[in-house]
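S.K.: Fold the following.
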Amino acid sequence: MKECSDVANYLYKPPINKCTLNFLSGSLEANYRRNYFEDKSMVPSLAVPRISSVLDIIISLVFYIIITVCCAIAFRNHFSIVWGTVFIIGFVVQLAVLLPMLCEVSGCCDASMAMARLGRKLSGWYSRHAFGGIVASLPTIAVYSTFCCLMFDSLAESNILFCLFLVTSLLHYCNFTILSSWMKSALAIVAVVVLIILLSLDVCRPPSSCQGDECYENVTTATAPPPEMETIFFGGDLPLKYEVIIDVALFILLIWFLNRETEISYRLCYHGDVQALKDRQKIQMEKEQADWLLHNIVPEHVAEHMKHAGNFYCKNHKEVGVIFAKISNFDEFYDESFEGGKEYLRVLNELLGDFEDLFDLPKYRDIEKIKTIGACLMAASGLNPDTHKLNKDPNAHLYALMDFSIDILKKIDQFNVDIFNFDFEVSIGFNFGEVTAGVIGTTKLLYDIWGDTVNIASRMYSTGVHQRIQVTEDTAKKLGDKFEFEYRGQTYVKGKGDMNTYLLVKKKEGATWD
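M.R.: Numbering: from 1, shown residues only. Below is the predicted model of the structure:
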């Protein structure tokens, strides 16, 4: 229930100030304002700020051309230099804003070119609002530039057309979704205030004193205005103009509401994207932690198999190398009477941790840690078919396991240098052959290997020599081309009787493998 409530909050109740519509979090508001520049990795769509802003400018240019052409056709008999100048300047401004931003978004211009740099500067939060406010006001300015009292006297219904064009131009303030609704609504209010002032001041009323038949007012005798004056909103006392004022006032409320809802929706979408990104990152982090824990229980290739084939895993492997490396004198070091043995277990954990660091080396990618049994580490190589296929030499994983065993001896020598008053010794047994690998359990999983190969490897360390690596005769022959061994003699192995065993002397000079 809590998760559903959190989703509903960030989908329907974004943390914004209901008055200013800014995010309550200063950092979130700053990121929202920079969002225009941080979306290049997103899939191109109309929801991307950089693309939607360019689309808004294109719509603005088309709208501007349509409204100015309509004014030119309707008031063609009263074409003025002012209107022509405004149209040309407005068209140039539209192109001057559109082309750099289109160039910056499309990527057709190199980022070092002046056009692309200009487009990026125009896309900043404050510059975007400054130029956006100018572009949004161009249709309204174009309509006001056609204002002329003569056309109201000579063209029937021209005042109605003028108000219609003006109201239509106000719709343009609902464009530019990424701009602040307060700025767009404020500019629309300014445009309406100018209209109300023109209607209220009767700017086109004829003079109060005139001569002969041209007089429409007499200071001594009240006479009705001529019939043509009854249709002029900007002159006389036509009651209909008050209805126009009420209509445009209500229209402004509608524009304010639309702009506000548009910005809220846009911010809500942004906030939802931010929260969704955080949730995806959190899920990914939890997935990585779960995979890390799982891969510390079972090898990665086994975990991947179990994800698709269920919890059961069992497989036979040939030519698998197995080692047992036990700290033979740890029992002499351990003293349970001192802090319950906790300090000694900490030392053991550090030592085994040094051994396990070797598994992260790329050259030991074929080696898997199987388990630790007290002070004994068990590892095997050749269990992962994916890494095994990468080796050119089929015995490479066996060579690597022997090299790994040598590094264990080096690690314990280095550890002994760092510890006082005690020298740890390790016995290592090595064998290779066929094993069975599998996972036991359904909840608390255990990955292990079984077989005669494992048993003999265990006997090699239990009957081995301190600080030496003992191997079987077959192992010495198998690895003899890369490592030098010396014959130890016959060793009694439980269940096998007397076996010829060998001790590793060294790795041969220049021995390499893939």
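
S.K.: where do the helices sit along the stretch 201-350 of the chain?
M.R.: If DSSP state H, counting those that start in this stretch is used as the criterion, the helices of the stretch 201-350 of the chain fall at 240-297, 300-309, 330-333, 342-356.

S.K.: how far out from the middle of the chain is the longest one?
M.R.: Okay, so that is helix 240-297. Helix 240-297 sits 16 Å away from the centroid of its parent chain (C-alpha atoms, centre = their mean, to the nearest Å).

S.K.: how much space between the residue lying closest to Asn329 once chain neighbours are set aside and Asn416?
M.R.: Spatially, and ignoring its direct neighbours in sequence, Asn329 is nearest to Glu425 (5.1 Å; C-beta to C-beta, 6 or more residues apart in numbering). For every residue, glycine as well, the C-beta is placed using N, CA and C. Going from Glu425 to Asn416 by C-beta to C-beta, to the nearest Å gives 9 Å.

S.K.: Can I get stretch 352-370 in CSV, CA atoms only?
M.R.: Extracted in CSV, the C-alpha atoms of stretch 352-370 (Å, rounded to 0.1, in the frame of the first residue of the first chain):
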residue,chain,number,x,y,z
LEU,A,352,41.7,-16.4,3.5
GLY,A,353,40.6,-13.0,2.1
ASP,A,354,44.1,-12.6,0.7
PHE,A,355,43.7,-16.0,-1.0
GLU,A,356,40.3,-15.1,-2.4
ASP,A,357,41.7,-11.8,-3.9
LEU,A,358,43.5,-14.0,-6.4
PHE,A,359,40.2,-15.1,-7.9
ASP,A,360,39.7,-11.6,-9.3
LEU,A,361,42.8,-11.7,-11.4
PRO,A,362,42.0,-12.1,-15.1
LYS,A,363,44.6,-14.9,-15.6
TYR,A,364,42.6,-17.0,-13.0
ARG,A,365,39.2,-16.6,-14.8
ASP,A,366,38.9,-20.5,-15.1
ILE,A,367,39.2,-21.0,-11.3
GLU,A,368,36.2,-21.2,-9.0
LYS,A,369,36.2,-21.1,-5.3
ILE,A,370,34.1,-24.1,-4.1
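
S.K.: Please point out which parts of that stretch sit buried.
M.R.: Buried positions in stretch 352-370, judged by neighbour count with 16 or more other C-beta atoms under 10 Å: 352, 354-355, 358, 364-370.

S.K.: Now render the residues you listed as CSV, adding pLDDT, distance to Ile449 and secondary structure.
M.R.: Below are the buried residues of stretch 352-370 laid out as CSV (pLDDT from 0 to 100; distance: C-beta to C-beta, whole Å; DSSP: H, G, I helix; E, B strand; the rest coil):
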residue, pLDDT, distance to Ile449, secondary structure
Leu352, 89, 19, helix
Asp354, 89, 24, helix
Phe355, 90, 18, helix
Leu358, 92, 19, helix
Tyr364, 92, 17, helix
Arg365, 91, 18, coil
Asp366, 91, 14, coil
Ile367, 93, 13, strand
Glu368, 91, 9, strand
Lys369, 91, 12, strand
Ile370, 92, 6, strand
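
S.K.: returning to that earlier point: what about Glu425 and Asn416, which has more around it?
M.R.: Glu425 (17 against 14; other C-beta atoms under 10 Å).

S.K.: Please report how far that one lies from Glu343.
M.R.: In this view, Glu425 and Glu343 are 20 Å apart by C-beta to C-beta.

S.K.: Lys410 now?
M.R.: Remark: distance between Lys410 and Glu343 (C-beta to C-beta) = 25 Å.

S.K.: before we move on, what about Gly438?
M.R.: 37 Å.

S.K.: Could you check which of those two is surrounded by more residues?
M.R.: More crowded of Gly438 and Glu343, by other C-beta under 10 Å: Gly438, with 16 against 12.

S.K.: my read: the more buried one touches Lys315, true?
M.R.: Yes: if you go by C-beta atoms under 8 Å, Gly438 and Lys315 touch, sitting 7.1 Å apart.

S.K.: what about Leu21, which SS state?
M.R.: Classification of Leu21 by DSSP: H, G, I helix; E, B strand; the rest coil places it in coil.

S.K.: Please give me every residue in contact with it.
M.R.: 180-182, 260, 263-264, 267 (C-beta atoms under 8 Å, 6 or more residues apart in numbering).

S.K.: Let's have those residues in CSV, adding distance to Cys103 and neighbour count.
M.R.: Below are the contacts of Leu21 laid out as CSV (distance: C-beta to C-beta, whole Å; neighbours: other C-beta atoms under 10 Å):
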residue, distance to Cys103, neighbour count
Ser180, 25, 19
Ser181, 28, 24
Trp182, 30, 15
Arg260, 32, 16
Glu263, 27, 20
Ile264, 31, 15
Arg267, 28, 20
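
S.K.: which one of the residues you listed sits closest to Thr501?
M.R.: Thr501 has its nearest neighbour among the contacts of Leu21 in Arg267, at 75.8 Å by C-beta to C-beta.

S.K.: so where's the stretch 301-450 of the chain shaky on pLDDT?
M.R.: Residue ranges of the stretch 301-450 of the chain with pLDDT under 70: 336-340, 420-421.

S.K.: For it, which segments count as strands?
M.R.: Under the criterion DSSP state E, counting those that start in this stretch, strands of the stretch 301-450 of the chain are mapped to 314-327, 367-373, 376-381, 426-440, 446-450.

S.K.: Which of those strands sits closest to Lys13?
M.R.: So among those, strand 426-440 is nearest, using C-beta to C-beta, at 46.8 Å.

S.K.: in its sheet, what does that closest one sit against?
M.R.: strand 314-327 (antiparallel), strand 446-450 (antiparallel), strand 469-472 (parallel) (DSSP bridges).

S.K.: Any chance of TSV for those, columns mean neighbour count and distance to Gln284?
M.R.: Output for the strands paired with strand 426-440, formatted as TSV (neighbours: other C-beta atoms under 10 Å; distance: least, C-beta to C-beta, whole Å):
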stretch	mean neighbour count	distance to Gln284
strand 314-327	20	30
strand 446-450	16	25
strand 469-472	26	42
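
S.K.: just so I know, which of those lies nearest Gly489?
M.R.: Here strand 469-472 is closest among the strands paired with strand 426-440 (C-beta to C-beta), at 11.1 Å.

S.K.: count of residues packed around Lys371?
M.R.: 12.

S.K.: wait, isn't it in contact with Glu356?
M.R.: No: the pair Lys371 / Glu356 is not scored as a contact, 11.6 Å apart, by C-beta under 8 Å.

S.K.: how does the chain divide into domains?
M.R.: Domain assignment of the chain by automatic domain parsing yields the ranges 31-206+230-265, 300-507.

S.K.: Need phi/psi at the closest residue to Asn17 other than its chain neighbours.
M.R.: Distance criterion C-beta to C-beta, 6+ apart; nearest residue to Asn17, sequence neighbours excluded, is Leu24 at 6.3 Å. Backbone torsions of Leu24, given as degrees, to the nearest 10, read phi -70, psi -30.

S.K.: Distance of Ser265 relative to Leu345?
M.R.: Separation of Ser265 from Leu345 (C-beta to C-beta): 60 Å.
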